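Participant: Predicted model and sequence follow; I will ask about them next.
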Amino acid sequence: MADMPGAEPVPQPEGLVEMEPCPACDSSHSRILFEGTDRLYQTTDKMFWVAECGACGLIRLSPWPSPLELQQYYPPDYWYVPEHDAVSQLEELYRRFVLRDHVRFVEHALTNCTADGPILDVGCGGGLFLKMLGERGWPGIGLDFSLSAATAAWRQNEVPTICASLSHPPLPNGSCAAVTMFHVLEHLYDPVSYLESAYNLLQDDGRLIVQVPNAACWQFLLMGEYWAGVDIPRHLLNFRLKDIEILLDRCGFEVLQVKHFSLRDNPAGLATSIAPGLDPMARRIRGLNESPRQKLWKDLVYLCLVAAALPFTALEAACRAGSTVMVEARKKKA
């Protein structure tokens, strides 16, 4: 997809405009849904369109920033590593509690397959998820393109981690029992390359676990550009479940299980949409000068928002319209 800074879309019938080709179907006709900027981390005040393809319906950022520009929108500490104060330790306990949702999903997938090998967690960040899996007897390897993230996973959580891109996997084909990608695909220019690499890395009965924000959720319909899941400008693509199913099918996978609720992501996502200035990671990344008392107070208010969001997010998930989708897939049978 070509960059088009400063270009004006050409109006077309029925509300469509002529834009750069859709990365999924190459259609040049799209519908501009809204305009927005980096509301969460405030790395830029540049405005971007969020557009929906008029042919296949894929929602995407427009224009896509160049790779060099995109790097500027990822702060150097774009992952979580706990500090040593009491509040941070409480946050760590909370993260462990909500991550059990992900651990159980992956553990269930592995107990229902015959593959035997490590779990490769792509975009592992600080490595807590893999550490928790390791504590339950499931060995894993982290993969992250950020050297500082990989270093943090090694040092803080003692997780073997490789600094690399899955487009050029550093492991042999057929070596993994599972490949996990939590909130990775929406950040990529070419998600197909990652899925193809995952296909090659997996053993015949291995499992692929993918989680993405769900652009078909109620939160997106209600909040538009204020929904945290759109995360302008870091999310280049915004998937619905049908988009993920089509993508996986084209890359040789069949879907086995879909989960519409994540205890870690769905309630917190709504809380962040409502009050991005209270999001703990956003405050840390923006370098706000907070006293321990201020930090504790803001964390408690945010936690109350998360708790208040729980009933609504559980309801939308029960209606198959949760703000995330987690998918278990395997290679298609011959």
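Facilitator: On my side now, so go ahead.
Participant: drop to CA atoms for contacts and neighbour counts, all remaining ones
Facilitator: Will do.
Participant: Distance from the chain centre to the helix or strand encompassing residue 246, please.
Facilitator: Assigned by DSSP states H and E, residue 246 belongs to helix 241-250. Taking the mean of its C-alpha atoms, helix 241-250 sits 16 Å from the chain's own mean (Cα atoms, centre = their mean, to the nearest Å).
Participant: in the helix or strand just after it, what counts as buried?
Facilitator: With elements assigned by DSSP H and E, the helix or strand that comes after helix 241-250 is strand 253-259. Applying a neighbour-count criterion of 16 or more other Cα atoms under 10 Å, the buried positions in strand 253-259 are 253-255, 258-259.
Participant: can you check stretch 223-242 too?
Facilitator: 224-241.
Participant: and if you look at stretch 135-155?
Facilitator: 138-146, 148-154.
Participant: from the buried residues of strand 253-259, which is closest to residue 192?
Facilitator: Nearest to residue 192 among the buried residues of strand 253-259, counting by Cα to Cα, is residue 253 at 11.8 Å.
Participant: For burial, what's the neighbour tally of the closest residue to that closest one other than its chain neighbours?
Facilitator: Leaving aside its chain neighbours, residue 253 sits nearest to residue 331 (4.5 Å; criterion: Cα to Cα, 6 or more residues apart in numbering). Residue 331 is flanked by 21 other residues according to other Cα atoms under 10 Å.
Participant: Strands along the stretch 1-150 of the chain, start to end?
Facilitator: Per DSSP state E, counting those that start in this stretch, the stretch 1-150 of the chain carries strands over the ranges 10-11, 17-18, 29-36, 48-53, 59-62, 119-122, 140-144.
Participant: same deal with the stretch 201-334 of the chain?
Facilitator: Along the stretch 201-334 of the chain, counting by DSSP E, counting those that start in this stretch, strands occupy 202-213, 237-238, 253-259, 324-331.
Participant: re earlier: show which residues not belonging to the helix holding residue 246 make contact with it.
Facilitator: For helix 241-250, contacts defined as Cα atoms under 8 Å, 6 or more residues apart in numbering pick out 58, 192, 195, 214, 216, 254-255, 325.
Participant: make it 7 Å
Facilitator: Helix 241-250 has contacts (Cα atoms under 7 Å, 6 or more residues apart in numbering) with 58, 214, 254, 325.
Participant: swap in stretch 100-117?
Facilitator: 133, 175-177, 203, 205-207, 262-263.
Participant: what comes up buried for it?
Facilitator: Quick answer for stretch 100-117 (16+ other Cα under 10 Å): 100, 102-103, 105-106, 109-110, 115, 117.
Participant: go on, stretch 157-170?
Facilitator: In stretch 157-170, counting by 16+ other Cα under 10 Å, buried: 157, 159-164, 166, 169.
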